[in-house]
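Asks: coords please:
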Amino acid sequence: MPDFQASPDKPRLVVGISGASGVVYGLRALAACRELGVESHLVLSKSAVLTLSQETGLSVVQVNEMADVVHRAGDIGAAIASGSYRTLGMIVAPCSVRTMSEIATGVTSSLLTRAADVTLKERRPLVLMVRETPLHLGHLRTLTKLAEMGAVIAPPLPAFYAKPQSIAEMVDQSVGRTLDLFGLSWRPVRRWGEDLAAITEA
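Replies: The predicted model follows:
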């Protein structure tokens, strides 16, 4: 979808999906935006297209239909490449090591990393669901640099206290907790002391 279909009356969230394993996190973020009435702006990296075919039965066309606005990875003139275009911030789900490294250096080669750079310079929340393990010292230093620049490093880790009954519930808990960082409360999240009061009282 072209930029002009965007609505200035709805909050906007940029959703980047890079080539790391875990494309489902980005897909669920798009679904959450739809449920919450948030206008989603999707940008897929070239590597993400390959991961999509390996991890899901969905086509790029089907994924694009989940977003309100779709931007091509090579379109560096897109609205989300400018700080004057107002958004709640950006989530990269999942975030590959290459993507996080580009963002950390500021040498951006695609719209995905350019949009992330813009998010940082405008002091908006940038949440990176980094998918890599184990991490070597270079990874850790890059993550430290990103944290010092203002990014939130949020690896998608299962919250076992929520007693998930499926992989889908674990994914939704991780995605929902990252959405909290944008002030968005998504229904599937199970919260300690609220939904899980019985556990805290045990």
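
Asks: for the rest of this, base every contact and every neighbour count on C-alpha atoms.
Replies: Noted.

Asks: where does this structure have low pLDDT?
Replies: 1-8, 197-202 (pLDDT under 70).

Asks: which residues in it form helices?
Replies: 23-36, 46-55, 60-64, 97-105, 111-121, 137-149, 167-180, 197-201 (DSSP state H).

Asks: of all the ones you listed, which one is nearest residue 89?
Replies: Of all these, it is helix 111-121 that lies closest to residue 89, at 6.0 Å by C-alpha to C-alpha.

Asks: contacts for the closest one?
Replies: For helix 111-121, the surrounding residues in contact (C-alpha atoms under 8 Å, 6 or more residues apart in numbering) are 16, 43-45, 72-76, 78, 80-83, 89-90, 99, 102-103, 106, 108, 125-126, 149-151.

Asks: among those, name the ones in strands.
Replies: 16, 43, 44, 90, 126 (DSSP state E).

Asks: among those, which pair sits farthest apart?
Replies: Checking the ones in strands among the contacts of helix 111-121 with C-alpha to C-alpha, the most distant pair is 44 and 126, at 16.3 Å.

Asks: circling back to that earlier point, out of the ones in strands among the contacts of helix 111-121, who's nearest residue 188?
Replies: residue 90 (20.5 Å).

Asks: my read is that the closest one contacts residue 123, right?
Replies: No - using C-alpha atoms under 8 Å, residue 90 is not in contact with residue 123; the gap is 11.0 Å.

Asks: next, count neighbours for residue 60.
Replies: 13 (other C-alpha atoms under 10 Å).

Asks: how far away is it from residue 163?
Replies: Counting by C-alpha to C-alpha, to the nearest Å, the gap between residue 60 and residue 163 amounts to 33 Å.

Asks: report the buried residues of stretch 184-197.
Replies: 184, 186, 189, 190 (16 or more other C-alpha atoms under 10 Å).

Asks: now do the contacts for the third one.
Replies: The neighbourhood of residue 189, defined by C-alpha under 8 Å, 6+ apart, consists of 172, 173, 176, 177.

Asks: let's see 10 Å
Replies: 162, 169, 170, 172, 173, 174, 175, 176, 177, 179, 180, 195 (C-alpha atoms under 10 Å, 6 or more residues apart in numbering).

Asks: what's near enough to touch the fourth one?
Replies: Think residue 172. If you count contacts by C-alpha under 10 Å, 6+ apart, residue 172 has them with 24-25, 28-29, 32, 156, 158, 164, 178, 186-190.

Asks: hmm, back to that, residue 131 is nearest to which of the helices of the chain?
Replies: It's helix 97-105; of these, that one is closest to residue 131 (C-alpha to C-alpha) at 7.6 Å.

Asks: what does the closest one contact?
Replies: 17-20, 45, 92, 106-110, 112-118, 120, 128-132, 135, 138-139, 141-149, 151, 153.

Asks: with adjacent residues omitted, what lies nearest to residue 181?
Replies: residue 125 (7.4 Å; C-alpha to C-alpha, 6 or more residues apart in numbering).
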